[in-house]
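Asker: pasting a predicted model and its sequence here:
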Amino acid sequence: MASSAPTLRPLSCWKALLRRSRQQRMCIRCMATVETPVKSPRPPPPLPSSYPSPYKLIHKIREPAKKIVTYPPPPSTRNKYPEPLLEWTKDHLKDLDPTGSRQRLFAKTNPDTPQPGDIILVTFKTGEPFAGVCLSIRRRGVDTGILLRNRIFMTGVEMWVKIYSPNVKSIELVKRAEKRARRARLYYMRKPKHDRGSVEGEVEQYLKRRRLIRSGALGVKDPKASAKRPESSRSGVSAS
Amino acid sequence: MVTKPCHGCLQLPPAFLLPRAALSLVSKRGIKSISTPRETRFTRSRTVPQLEASTAAALERKWYTTPLRTGALGTKKGMSAVYNTETGRRQACTIVQMDRVQVVAHKTKERNGYYAVQVGSGWKHPSNVTRPELGHYAGHGVSPKRHLVEFKVRDEKGLLGIGEMIGASWFREGQYVDARANSRGMGTAGVMKKFGWHGQNASHGPSKTHRQMGSTGGSQGSGSRVYPGKKMPGRMGAHQVTTQNVKVIKVDDEKGIVVLTGCIPGPDGCLVKLSDAIKKPWPEIPPITSDAQGVAEPLRETT
């Protein structure tokens, strides 16, 4: 039986030929690769010295900040005179109350200081007096004032008297309150139920007594000293 | 401002044909009118010049009321009273203290478009000042300031030298000043308190709306919207208020005290800007005083 071998033989020959040519091609390629001249790249130019290094850029390392010059502050008036209002008050009171008698009379440390509920007689520069029950005392330095209430011709009258005003000639304490008032402002006296009414009688009595003391009929030698004694301190404390 | 069409001069080709340098001749930034202003009964007058809408023109209009010299900064210390010892008249007064008031910088027409003096007062520790601000003070050789305020002046004659101290004697007794300060803050307030409106009826129908503002505007005929600037309830006070024509009673350079008549805006301890009254004749004081105490402080470097 005729086999297929003779027909396959030439095929195997082709196979060897092809293999050989493939090897040759590889050789050609290798030779070409070897022969190609390789240009060495130029080295990069050196970086300028001021150029930040990449390390510094990555880690954000900065040069220490330049110190800014500061100048010393000029002398301060505020530190030297921190309370100009108090000093202004003090200076102005020297002119308004040169003897300091009114400041002493209305000082909170003075045990004989007028208090709300007392009857106070104020005489003005023009000579006219005004007396009334003290409803409140407002202590504000130069602006210190007292509120007096009286009844004149059946009408309630109130007057704020600034104690350091140059128009005020004298302030006299006519009569102490029977009992210490338990309020600082006795505005309830404006109501008819609590109104003290006219203080004319008390003032008359006080003026009569003052006239007697001044004439020496009561045997008081030093009226000022007697006014300071506790038994007579119920009335007669004054500042002119 | 309206650019006048220039018929007489050379007509330029379209902008895209022109070289880059010549473009500036053609395109000017800003709002341009495409037509010359119409003659109306308002513009017809030849005696009244047309108002120009520019910063320079605005400054020129304000020329007459711009102070000749700079103002000063102070702190409101409180109120007291003065008695005239002869007439016995009482006058309420406010005490303002000036502390380390110093000229820090200038604003000039060439650089900034107007003349002004930047005045600082008080002192701030350098560690509490930002570096840009610190550089500003260092550049002018002045210590860091607590407050910085600009006072406009009419011309370069009013620019007091940088570093010069402004004491209480900057103002003279008897002169008039304008006092500016931020008023006391009232917080949120209703319209009755804020603007003095009358509110609504107590009876005759209103239900739970007695202090409300009522209507905020008309409907369709008025645009169906609330116009900008409509007065409404909200924050009251804490804005700048000016009291004009306040008389200076007394000046104490050593204590830095300026005593003013009456009251001025703001609570005690607030910053007060004092400047010459614009509604009174300017005081007879040279704009730049040589006797302003303490010229530029010695430039000593500290840490």
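Answerer: Everything's here; your move. Numbers count the residues shown, from 1 in each chain, chains lettered A, B, ... in the order given.

Asker: going forward, measure contacts and count neighbours with C-alpha atoms only.
Answerer: Fine.

Asker: ok, now how distant is the closest residue to chain B within chain A from B:Asp276?
Answerer: At 4.7 Å from chain B, A:Tyr71 is the closest residue in chain A, using CA to the nearest CA. Between A:Tyr71 and B:Asp276 the computed distance is 30 Å (CA to CA, to the nearest Å).

Asker: so what's the residue of chain A closest to chain B closest to, chain neighbours aside?
Answerer: Closest residue to A:Tyr71 apart from its sequence neighbours, by CA to CA, 6 or more residues apart in numbering or on different chains: B:Ser143 at 4.7 Å.

Asker: does that neighbour belong to a helix, a strand or coil?
Answerer: Of the three states, B:Ser143 takes coil according to DSSP: H, G, I helix; E, B strand; the rest coil.

Asker: pretty sure it contacts A:Pro75?
Answerer: No: B:Ser143 sits out of contact with A:Pro75 when judged by CA atoms under 8 Å, with a separation of 11.4 Å.

Asker: tell me which of the two has more neighbours.
Answerer: B:Ser143 (29 against 10; other CA atoms under 10 Å in any protein chain shown).

Asker: tell me the contacts of the more buried one?
Answerer: A:Thr70, A:Tyr71, A:Pro72, A:Pro73, A:Pro74, B:Trp123, B:Tyr137 (CA atoms under 8 Å, 6 or more residues apart in numbering or on different chains).

Asker: how about those residues, which pair is most distant?
Answerer: A:Pro74 and B:Tyr137 (13.7 Å; CA to CA).

Asker: which SS state does A:Leu85 fall under?
Answerer: Applying three-state DSSP: A:Leu85 is helix.

Asker: thought it was touching B:Thr75?
Answerer: No: counting by CA under 8 Å, A:Leu85 stays clear of B:Thr75, with 11.8 Å between them.

Asker: show me which of these two is the more surrounded one.
Answerer: B:Thr75 (23 against 20).

Asker: separation between the more buried one and B:Asn245?
Answerer: B:Thr75 is 18 Å from B:Asn245, by CA to CA.

Asker: and what of A:Gly127?
Answerer: In terms of CA to CA, A:Gly127 sits 37 Å off from B:Asn245.

Asker: tell me where the chain has helices.
Answerer: The chain I'm using is chain A. For chain A, helices defined by DSSP state H occupy the ranges A:5-35, A:54-59, A:77-80, A:84-96, A:101-105, A:200-215, A:223-228.

Asker: wait, chain B
Answerer: Going by DSSP H, chain B shows helices at B:23-26, B:55-61, B:109-112, B:131-139, B:191-195.

Asker: is it true that B:Gly161 touches B:Ala116?
Answerer: No: contact criterion CA under 8 Å: B:Gly161 and B:Ala116 do not qualify, at 11.8 Å.

Asker: between these two, which has more neighbouring residues?
Answerer: Taking neighbours as other CA under 10 Å, B:Gly161 and B:Ala116 compare with B:Ala116 leading, 25 against 18.

Asker: any idea what sits nearest that one, other than its immediate chain neighbours?
Answerer: B:Lys152 (4.0 Å).

Asker: just the pLDDT for the residue in chain B that chain A sits nearest to.
Answerer: Here chain B gets closest to chain A at one residue, B:Ser143, 4.7 Å apart by CA to the nearest CA. At B:Ser143, the pLDDT value in this model is 95.

Asker: so what's the most centrally placed residue in chain B bridging to?
Answerer: Nearest residue to the geometric centre of chain B (CA atoms, centre = their mean): B:Phe151, 7.1 Å. Assessed by DSSP bridges, B:Phe151 has beta-bridge partners B:Val117.

Asker: can you count the residues close to residue 101?
Answerer: You didn't say which chain, so I picked chain A. A:Ser101: 13 neighbours (other CA under 10 Å).

Asker: ah, I was thinking of chain B
Answerer: By other CA under 10 Å, neighbour count at B:Val101 equals 26.

Asker: just checking, it touches B:Ile166?
Answerer: Yes: with contact defined as CA under 8 Å, B:Val101 reaches B:Ile166; the gap is 5.3 Å.

Asker: any common contacting residues for these two?
Answerer: Common neighbours of B:Val101 and B:Ile166 (CA under 8 Å, 6+ apart) are B:Ala72.

Asker: partners of the lengthiest strand in chain A in the sheet?
Answerer: In chain A, taking DSSP state E as the definition, the longest strand is strand A:129-138. Strand A:129-138 has its sheet partners listed here by DSSP bridges as strand A:119-124 (antiparallel), strand A:145-152 (antiparallel).

Asker: mind checking which helix or strand of chain A has the lowest mean pLDDT?
Answerer: helix A:223-228 (a mean of 54; mean pLDDT, DSSP states H and E).

Asker: this completes my enquiry, with thanks.
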